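Participant: Coordinates only, no sequence provided:
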Ligand SMILES: Cc1cc2nc3c(=O)[nH]c(=O)nc-3n(C[C@H](O)[C@H](O)[C@H](O)COP(=O)(O)OP(=O)(O)OC[C@H]3O[C@@H](n4cnc5c(N)ncnc54)[C@H](O)[C@@H]3O)c2cc1C
Ligand code: FES
Ligand code: FES
């Protein structure tokens, strides 16, 4: 398994990465952790002629809180997200999702930006990014733009990124009462079904809810009928059980593959929706 | 071609390599460090696990050029002269291997595991080995070996 030959360059800054991408004119590809790209290159499913390494850009990785928003650099590894004290305190669901990606070696190399840009329909981050309603900050030849996570994914392995654009960071308002529940594919550890739930609770009632689903359909989606069923209801396990039943209803592009049939996924969405909701409610006290 | 300079087991190694050369092949074929194995070549089995800048990585999924400037530790770099590393000692004492094919990768993963968590529970050890497959042992003796090393205070 030998990839096709390519030229290798290291970007020294975000602007340098954009300039190198523009100069490569479509034949260039960014490499961050390489844990989606290198396997594809070995299979010659991806054959870039210029590889631009963004892993060494200063300040491309890191997690901080700015103006009551969490900001995660695109180059932050899954391991660093999973073990971030700031996220554990302010928005543990994001750390939880990172902690169940693949295996330790994958988490040591793979990055948030790489996962989002790659847009594997079975990736974990997309569900939590929908639940926290994240904004993606993108830099290209024409400057900066911001895309909401819910508008970023356009289909299987397809996102709203031009060939000369780099995803620089992700920002979101932290939600403590949020959780991620995942049904693992036992060998690859990817999500067969992954549900992230973020709740806003006021005076014992669920003021608003955002539920993101990954793994089950061709692209990540919000479970709007579950969200509607939760709104205004008491923040209780009974509410969660009743609302979770709607999980997956109305989704007609459920995946069916060697890992799980569409029927199985349909049956598992309510189960994991309920686990995510119960996990979020369990954080109310803490 | 590209020039890389990688510190392997404490020794700086510079070479002219093809950019598409994988780190595992750089280690095995150019440096003759054949303790790092290739099991699957598809990022699944962990037999190729080494430390890159102190953390476990599957060297079949990293190009050598990506590791330019990095510090890499392989199984050959663990023992201190004739004195085995506590994890090697643990695998020896607890029969943590049968054919031994997975063992270097298991041990390198366990180095990062014990670095992060010097006193792991059995479940934490099993989770820490999610990225390593063994076709022989059924894992129990591997878990015992890592517990043995943890008990001897190997968090180095
Ligand atoms: C064995 C194994 C198991 C895995 N299991 C899981 C799992 O359970 N759940 C899961 O979610 N993922 C899983 N993954 C995928 C893993 O999380 C990848 O690390 C991740 O999808 C890609 O991140 P990366 O940094 O490695 O990206 P790379 O492989 O470097 O890049 C991926 C793609 O994104 C582009 N890209 C990278 N960074 C940027 C950026 N900042 N801006 C624009 N484009 C960019 C690249 O050009 C490339 O097209 C697994 C991978 C392996 C090998
Ligand atoms: S050879 Fe690298 S993971 Fe199997
Ligand atoms: S001892 Fe044979 S593969 Fe693990």
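Facilitator: Cool, the structure landed. It should be emphasised that the depicted structure is a prediction, and the values quoted were computed from it without experimental measurement. Ligands and ions are numbered 1, 2, ... in the order given.

Participant: going forward, measure contacts between C-alpha atoms and count neighbours the same way
Facilitator: Will do.

Participant: Can you pull the phi/psi pair for residue A:195?
Facilitator: phi -130, psi 130 (degrees, to the nearest 10).

Participant: partners of it in the sheet?
Facilitator: On the basis of DSSP bridges, residue A:195 is bridged to residue A:181, residue A:213.

Participant: Now do the contacts for it.
Facilitator: A:127-128, A:180-182, A:211-214, A:269, A:272-273, A:276 (CA atoms under 8 Å, 6 or more residues apart in numbering or on different chains).

Participant: switch to 10 Å and redo it
Facilitator: The contact partners of residue A:195, taken as CA atoms under 10 Å, 6 or more residues apart in numbering or on different chains, are A:97, A:124, A:126-128, A:131, A:179-183, A:211-216, A:220-223, A:247, A:269-277.

Participant: again with residue A:35
Facilitator: A:105-111, A:114-115, B:43, B:58, B:61-62.

Participant: In strands, which of the contacts of residue A:195 fall?
Facilitator: Per DSSP state E, strands hold the following members of the contacts of residue A:195: A:179, A:180, A:181, A:182, A:183, A:211, A:212, A:213, A:214, A:221, A:222.

Participant: could I get the residues you listed as TSV with pLDDT, neighbour count and distance to residue A:229?
Facilitator: Listed next are those as TSV, based on pLDDT from 0 to 100; neighbours: other CA atoms under 10 Å in any protein chain shown; distance: CA to CA, whole Å:
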residue	pLDDT	neighbour count	distance to residue A:229
A:179	98	31	18
A:180	98	32	19
A:181	98	27	19
A:182	97	25	22
A:183	96	18	23
A:211	98	30	11
A:212	98	27	15
A:213	98	31	16
A:214	97	28	20
A:221	96	22	17
A:222	97	21	13
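
Participant: Let me have those in CSV, adding distance to residue A:63 as columns.
Facilitator: CSV is the format used below for the ones in strands among the contacts of residue A:195 (distance: CA to CA, whole Å):
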residue, distance to residue A:63
A:179, 19
A:180, 20
A:181, 23
A:182, 24
A:183, 27
A:211, 23
A:212, 22
A:213, 24
A:214, 24
A:221, 26
A:222, 25
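
Participant: Pick out the most distant pair among those residues.
Facilitator: A:183 and A:222 (17.5 Å; CA to CA).

Participant: Run through the residues that contact the residue nearest to residue A:55 when sequence neighbours are not counted.
Facilitator: Nearest residue to residue A:55, sequence neighbours excluded (CA to CA, 6 or more residues apart in numbering or on different chains): residue A:32, at 5.0 Å. By CA under 10 Å, 6+ apart, the contact set of residue A:32 is A:52-57, A:74-77, A:109-115, B:66.

Participant: Any of those residues buried? List them.
Facilitator: A:52-55, A:57, A:74-77, A:109-115, B:66 (16 or more other CA atoms under 10 Å in any protein chain shown).

Participant: Is there proximity between the lengthiest helix in chain B and ligand 2?
Facilitator: The residue-count maximum for a helix in chain B (DSSP state H) belongs to helix B:103-116. No - figure legend: helix B:103-116 not in contact with ligand 2 (CA under 6 Å from any ligand atom); closest approach 9.0 Å.

Participant: Which strands or helices does that helix pack on?
Facilitator: Applying 3 or more CA pairs under 10 Å, 6 or more residues apart in numbering or on different chains; DSSP states H and E, one finds that helix B:103-116 contacts helix A:104-109, strand B:49-52, strand B:55-58, helix B:86-93, helix B:122-128, helix B:140-151.

Participant: Residue B:139 and residue B:126 touch, don't they?
Facilitator: Yes - if you go by CA atoms under 10 Å, residue B:139 and residue B:126 touch, sitting 8.4 Å apart.

Participant: so how many other residues sit close to residue B:48?
Facilitator: 32 (other CA atoms under 10 Å in any protein chain shown).

Participant: who are the neighbours in contact with it?
Facilitator: Applying CA under 10 Å, 6+ apart, we find residue B:48 in contact with B:23-25, B:35-41, B:56-61, B:74, B:101-106, B:108, B:132.

Participant: Restricted to buried residues, select these in PyMOL.
Facilitator: Remark: buried members of the contacts of residue B:48, expressed as a PyMOL selection using 16+ other CA under 10 Å:
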select buried, chain B and resi 23+24+25+35+36+37+38+39+41+56+57+58+59+60+61+74+101+102+103+104+105+106+108+132
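
Participant: Chain B against ligand 2: which residues are in contact?
Facilitator: So far as CA under 6 Å from any ligand atom goes, chain B lies against ligand 2 at B:38-48, B:58-60.

Participant: Residue A:4 versus the most centrally placed residue in chain B, what's the distance?
Facilitator: Taking CA atoms, centre = their mean, the centroid of chain B lies closest to residue B:108, which sits 2.8 Å from it. Per CA to CA, to the nearest Å, residue B:108 is found 30 Å from residue A:4.

Participant: what does the stretch 51-200 of chain A put close to chain B?
Facilitator: A:51, A:53, A:55-56, A:100, A:102-109, A:186-189 (CA under 10 Å from any CA of the partner chain).

Participant: check contacts around the nearest residue to residue A:251 once chain neighbours are set aside.
Facilitator: Among residues not flanking residue A:251 along the chain, residue A:217 sits closest, at 7.7 Å (CA to CA, 6+ apart). By CA under 10 Å, 6+ apart, residue A:217 lies in contact with A:121-122, A:155-156, A:192-193, A:248, A:251-256, A:262, A:265-266.

Participant: So for residue A:217, what pLDDT did the model give?
Facilitator: We have a pLDDT of 93 for residue A:217.

Participant: ditto for residue B:94
Facilitator: For residue B:94, the pLDDT comes out at 97.

Participant: again, but for residue B:155
Facilitator: 50.
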